[in-house]
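Student: Got a sequence here, can you build the structure:
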Amino acid sequence: MRASTKLRQLLKEPGIIVAPGCYDALTAKLIQHVGFKAAYMSGGSASAAYLGMPDVGLITMTEMTTVAHHIALAVDIPVFGDMDTGFGSPVYVRRAMREFEATGLAGVHIEDQITEKHCGHMAGKVLVSADEMVQKIRAAVDVRHDPDFVLIARTDAIAVEGVPGAIQRARRYAEAGADVLYMEAPRSVEEIRAVASGVPAPVLIGQPENGVTPVLPPQQLEEWGVKIVTYPRSIRLMAIKGALDVLKEIREEGVTTGLADRMVHDEVLQKIIGTPEIADLADRYSV
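Tutor: Just a heads-up that it's a prediction; the model follows:
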């Protein structure tokens, strides 16, 4: 079954879809290993991990699709990814949609910021007109080959035009063909409830640590009408904290024995990345 079809099924089934954020094949495998049914390829995390650069539109379409392809090949669960602004006008969106669909992802989201975008929880965001975003969505729908490939329209309008403006935009995006509406950066419980109930398609809410959105249990978000919740920064922030701790330990102590109990044993890692299966295949195809 195609990854896109799996994600479509999850959208139809009862219950909220909890999709932690990954940024490479290993982090995607970790999400699958723990038992999550879906994952989200975070553009901000991919930019930080792949380029060591912030989420301000510096990562290119080719770099993003390269990361997406490796992630999609690594896991069996559906992964939906970040197509940023579509990398240009509606004509560029058509190219980007074809490239992202070819990676094996289950879907993508496209946002209504200008090309020189900012992370959704940063200040200084500038939006394209709703008319231009509608045309981008139409272009993506027109070129989509796989009818199950999920197109998510993200609006960053809450911070710029307020909740009423964001809801108005989202309704137009749904009319243009978006399957899911990503309501970025609501700033309170009241705003979450308003956007979740005010639009005519499944709603996605992000839960980034240190962001402007209140962090709430998935069950609470589900009660208010949220269908998908993502955790785009969680793995990245924990991984960086662990890396800094161990590097500090090496620099100051010269050994890592003091942190050994916080490290995953290599046998666990080998199981996660499939070393036993590779050994079985080597035996199967041995001469």
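
Student: Strands of the stretch 101-250 of the chain, start to end?
Tutor: Assignment of strands within the stretch 101-250 of the chain using DSSP state E, counting those that start in this stretch yields the ranges 107-111, 150-155, 180-183, 203-206, 226-231.

Student: okay if I get those as TSV plus mean neighbour count and distance to Glu253?
Tutor: All C-beta atoms are positioned from the backbone trio N, CA, C, and that covers glycine. TSV is the format used below for those (neighbours: other C-beta atoms under 10 Å; distance: least, C-beta to C-beta, whole Å):
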stretch	mean neighbour count	distance to Glu253
strand 107-111	26	44
strand 150-155	26	45
strand 180-183	26	45
strand 203-206	24	38
strand 226-231	23	32
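
Student: between those, which gets nearest to Leu281?
Tutor: Among the strands of the stretch 101-250 of the chain, the nearest to Leu281 by C-beta to C-beta is strand 107-111 (30.7 Å).

Student: Direction included, what does the closest one pair up with?
Tutor: strand 79-82 (parallel), strand 150-155 (parallel) (DSSP bridges).

Student: quick one, that strand and strand 226-231 angle?
Tutor: Orientation of strand 107-111 against strand 226-231 (axes from the mean of the first three to the mean of the last three C-alpha atoms, to 10 degrees) gives an angle of 90 degrees.

Student: Just the C-alpha atoms of strand 107-111, please, in PDB.
Tutor: Extracted in PDB, the C-alpha atoms of strand 107-111 (Å, rounded to 0.1, in the frame of the first residue of the first chain):
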ATOM      1  CA  GLY A 107       1.900  14.300   1.400                       C
ATOM      2  CA  VAL A 108       3.200  17.800   1.800                       C
ATOM      3  CA  HIS A 109       2.200  21.200   3.200                       C
ATOM      4  CA  ILE A 110       2.700  24.500   1.400                       C
ATOM      5  CA  GLU A 111       2.500  27.800   3.200                       C
END
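
Student: about what we covered before: I'd like to know which of the strands paired with strand 107-111 is closest to Asp55.
Tutor: strand 79-82 (9.0 Å).

Student: quick one: average pLDDT of that closest one?
Tutor: If you average the pLDDT over strand 79-82, you get 97.

Student: residues of that strand that come out buried?
Tutor: 79-82 (16 or more other C-beta atoms under 10 Å).

Student: Just put those residues in CSV and tack on distance to Asp283.
Tutor: Shown next, in CSV, are the buried residues of strand 79-82 (distance: C-beta to C-beta, whole Å):
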residue, distance to Asp283
Val79, 31
Phe80, 36
Gly81, 35
Asp82, 40
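
Student: which of the residues you listed sit farthest apart?
Tutor: Farthest-apart pair in the buried residues of strand 79-82 is Val79 and Asp82; separation 10.7 Å (C-beta to C-beta).

Student: Mutual contacts of these two, please.
Tutor: Taking C-beta atoms under 8 Å, 6 or more residues apart in numbering as the criterion, Val79 and Asp82 both touch 40-41.

Student: residue boundaries of the helices in the stretch 151-287 of the chain?
Tutor: 158-176, 189-197, 218-223, 234-253, 266-273, 275-284 (DSSP state H, counting those that start in this stretch).

Student: Can I get those in JSON lines including mean pLDDT, distance to Lys37 and mean neighbour count?
Tutor: Converted to JSON lines, the helices of the stretch 151-287 of the chain look like this (pLDDT from 0 to 100; distance: least, C-beta to C-beta, whole Å; neighbours: other C-beta atoms under 10 Å):
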{"stretch": "helix 158-176", "mean pLDDT": "97", "distance to Lys37": "24", "mean neighbour count": "19"}
{"stretch": "helix 189-197", "mean pLDDT": "96", "distance to Lys37": "21", "mean neighbour count": "18"}
{"stretch": "helix 218-223", "mean pLDDT": "97", "distance to Lys37": "12", "mean neighbour count": "15"}
{"stretch": "helix 234-253", "mean pLDDT": "97", "distance to Lys37": "17", "mean neighbour count": "13"}
{"stretch": "helix 266-273", "mean pLDDT": "95", "distance to Lys37": "17", "mean neighbour count": "13"}
{"stretch": "helix 275-284", "mean pLDDT": "94", "distance to Lys37": "21", "mean neighbour count": "10"}
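
Student: hang on, the earlier thing: nearest to Arg236 among the strands paired with strand 107-111 would be which one?
Tutor: Arg236 lies closest, by C-beta to C-beta, to one member of these: strand 79-82, at 13.4 Å.
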